[in-house]
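1. let's see this in three dimensions:
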Amino acid sequence: MRSPDLTDRILPPAVIAIMLAALYLVFVRVPTDAFQGPVQRIFYVHMAMWLSTFTAFAIVGVASLLYLVKRTPHWDHLGRAAAELGLLFCTLGLATGSIWAKPIWNTWWTWDPRLTLTLILWMIYAAYLLLRSLANEPQQGATLAAILGVSGVVDLYLINRAVYWWRSIHPAVIVDRQGGTGLADPLMRATLIVTMLAFFLVFLWLLRLRLRAARLQDAVDDLRAELA
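-> Sure thing, here's the model as predicted:
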């Protein structure tokens, strides 16, 4: 059995420690927003989901492009693992956004440009995974999914610019339209950074585990082929 490397020994306790710190900051230390009240605290978790989501789908785009060029299984595994995790974090981001929107906007959902583009993003990468599962030939499914994975990166950029290009009720909290920030309190900014880092480390941890599972599956498939 392979002994765990340095990252395997350091990453899990680091994730636990920084996640506990993030929860303490969000629910105990950070001041309550003067206008939105306690419900604003979900903002820190909501924003943290999008760092992992955007990173995951950017990885899908790069890995998909490299797979189309090189046709090596490593890039295919990386793209698929990142797409699975990106879809997970995107789903959680949409869910926490809806929970936050209900008391603030008095609705669970509105067809705001950024929200609509984010829903499209979710559908693109859901289709990416669906293509892989429905394809009769795994290589054909991987190729079609890779093409979709590359094209989906365009939507990431549109989501980022949506609140600046179009009339939108979705706030630009970190950097607003005037170049300032909606987080005036330094502790709010620190809490956001810690929470985003916590969930990003969770994403990296899950990505390593998913890639390891993919390599083990390849080894099992090779062994079955030899036995057959």
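
2. CA atoms for contacts and neighbours, from now on please.
-> Noted.

3. just give me the neighbour total for residue 158.
-> 15 (other Cα atoms under 10 Å).

4. nearest to the spatial middle of this protein, which residue is it?
-> residue 53 (1.6 Å; Cα atoms, centre = their mean).

5. hmm, residue 121 is touching residue 158, no?
-> No: counting by Cα atoms under 8 Å, residue 158 is not a contact partner of residue 121; they are 10.1 Å apart.

6. C-terminal to the one helix or strand residue 7 maps to, what's the next element?
-> Using DSSP states H and E, residue 7 falls within helix 6-24. For helix 6-24, the succeeding helix or strand toward the C-terminus, using DSSP H and E, is helix 42-70.

7. buried set for that following helix?
-> 42-68 (16 or more other Cα atoms under 10 Å).

8. let me see the contact set for residue 33.
-> residue 40 (Cα atoms under 8 Å, 6 or more residues apart in numbering).

9. please report how far the nearest residue to residue 67 once chain neighbours are set aside lies from residue 30.
-> Counting by Cα to Cα, 6 or more residues apart in numbering, residue 67 lies nearest to residue 75, which is 5.2 Å off, once chain neighbours are set aside. From residue 75 across to residue 30, the span is 41 Å (Cα to Cα, to the nearest Å).

10. neighbour count: those two, which is higher?
-> Set residue 75 next to residue 30 and count neighbours by other Cα under 10 Å: residue 75 wins out with 21 against 18.

11. got a list of what the more buried one touches?
-> Taking Cα under 8 Å, 6+ apart as the criterion, residue 75 is in contact with 63-64, 66-67.

12. list phi and psi for residue 207.
-> phi -60, psi -40 (degrees, to the nearest 10).

13. ok now the helix or strand bottoming out on mean pLDDT in the chain, how far from the chain's centre?
-> Ranking every helix and strand in the chain by mean pLDDT, DSSP states H and E puts helix 153-165 at the bottom, with a mean of 83. Centroid separation between helix 153-165 and its chain, computed with Cα atoms, centre = their mean, to the nearest Å, is 15 Å.

14. and that helix, what other elements does it pack with?
-> Counting contacts by 3 or more Cα pairs under 8 Å, 6 or more residues apart in numbering; DSSP states H and E, helix 153-165 packs against helix 42-70, helix 113-134.

15. for residue 84, grab the count of nearby residues.
-> Neighbours of residue 84 (other Cα under 10 Å): 20.

16. next one: the one 5 residues further on
-> By the criterion of other Cα under 10 Å, residue 89 has 24 neighbours.

17. contacts only, for it.
-> Neighbouring residues of residue 89 by Cα under 8 Å, 6+ apart: 49-50, 52-53.

18. do that again at 7 Å, thanks
-> The neighbours of residue 89, taking Cα atoms under 7 Å, 6 or more residues apart in numbering as the test, are 49, 52-53.

19. swap in residue 55?
-> Residue 55 neighbours (Cα under 7 Å, 6+ apart): none.

20. what angle separates the host helix or strand of residue 212 from helix 6-24?
-> Using DSSP H and E, residue 212 maps to helix 186-227. Inter-element angle recorded for helix 186-227 and helix 6-24: 140 degrees (by axes from the mean of the first three to the mean of the last three Cα atoms, to 10 degrees).

21. before we move on, the earlier item: my guess is the residue nearest to the centre of the chain contacts residue 83. True?
-> No: if you go by Cα atoms under 7 Å, residue 53 and residue 83 don't touch, sitting 9.0 Å apart.

22. not counting its own residues, what contacts stretch 197-206?
-> Identification of contacts with stretch 197-206 by Cα under 7 Å, 6+ apart yields 11, 15, 18-19, 22, 48-49, 51-52.
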